[in-house]
Every structure is written in C-alpha cells, then in structure tokens.
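Participant: Please find the sequence and the predicted model below.
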Amino acid sequence: MEALDRGERLMGFGHRVYRVRDPRADALKGALKQLIAADPLDRGRIQLAEVVEQSALAILKARKPDRPLDVNVEFYTALLLDALRFPRDAFTGVFAIGRTVGWIAHAREQALEGRLIRPRSLYVGPLPQQAA
C-alpha cells in the first residue's frame, strides 16, 4: 500500500498487452509447483506467493477499480529462478536472455519500417509441411 501511496507500480502486476491475467504467469506457476513438489522447504514459498498475489490483487482492485490489473509473467519468474538455484543477482540477466532475440527482431523490424511496432500473436510465416 505504501508503494501505491507513493505512486509506484507493483512489479509483477499489470501488463501493457494483457488486460486479463497473463497466461505466461500461470505456465510459470505450474512449472514452479512441479519443481518444488519434491522440496518441502520450498513449498511454503509458493503458498506465501499465492497469499501475496491475492492480497495485492485485492488492494489493486480497491485502489484502481477502473483499471483491472492482474499478475504478469514477472511475478512467478523470480520464484522459479530462485527454485532453480540461480543467484539472485543473476535474475535480471537470465530474464533478459530469453527476450533478447525478440528484442533484436523488433528493433530490426522497427528500423526497417521506420515506426514503432506493437507485436500481436499472429503467425504470418510459411505453414509447416506435413511429414510424409
């Protein structure tokens, strides 16, 4: 609540494209649950994350009723990287590595087109060939 009082955003909530729950967050949460199923020490972390998520969503709904904000991919990424035993100071770099190819492709396309591009999930490439 203090962060919102200062006009700050809550990292892990809201997304420019997804106006509903970010489907990638649920994919990461599922992967995280599988990973920690065998480690009793980590089970409490997912439970804590779920409580934090629900509390933050309730606060955001009360504070910003006209702007629906839901969990995004960043929320569970940190927990997943931690469960995979990446050092915390490597989180940003590891998160960025997965996006680098896309960023480069967007930058090249924008440079060629001379305008800002907001990508959509619409594949326009060649159709895959069926195996004979």
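Facilitator: Looks like it arrived, so ask away.
Participant: any idea how the protein splits into domains?
Facilitator: Here the domain assignment for the chain is 2-85, 88-116, based on automatic domain parsing.
Participant: Poorly predicted segments of the chain, please.
Facilitator: Scanning the chain with the threshold set as pLDDT under 70 gives 18, 40-41, 119-123, 131-132.
Participant: That one: helices as residue ranges?
Facilitator: With DSSP state H as the criterion, the chain has helices at 2-5, 23-36, 40-63, 73-83, 91-113.
Participant: winner for burial among those helices?
Facilitator: Highest mean neighbour count among the helices of the chain (mean count of other C-beta atoms under 10 Å): helix 73-83, with a mean of 19. C-beta here means a position set from N, CA and C on the backbone, and glycine is covered the same way.
Participant: and it, how far out from the chain's middle?
Facilitator: Computed by C-alpha atoms, centre = their mean, to the nearest Å, the chain-centroid distance of helix 73-83 equals 8 Å.
Participant: circling back to that earlier point, any idea which of the domains of the chain gets closest to residue 128?
Facilitator: With distances scored as C-beta to C-beta, the stretch of the domains of the chain nearest to residue 128 is domain 88-116 (19.7 Å).
Participant: how far does that closest one sit from the chain's center?
Facilitator: Using C-alpha atoms, centre = their mean, the offset of domain 88-116 from its chain centre is 15 Å.
Participant: go on, stretch 68-83?
Facilitator: Distance, centroid of stretch 68-83 to centroid of chain: 5 Å (C-alpha atoms, centre = their mean).
Participant: what does stretch 11-19 give?
Facilitator: For stretch 11-19, the distance to the chain centre is 8 Å (C-alpha atoms, centre = their mean).
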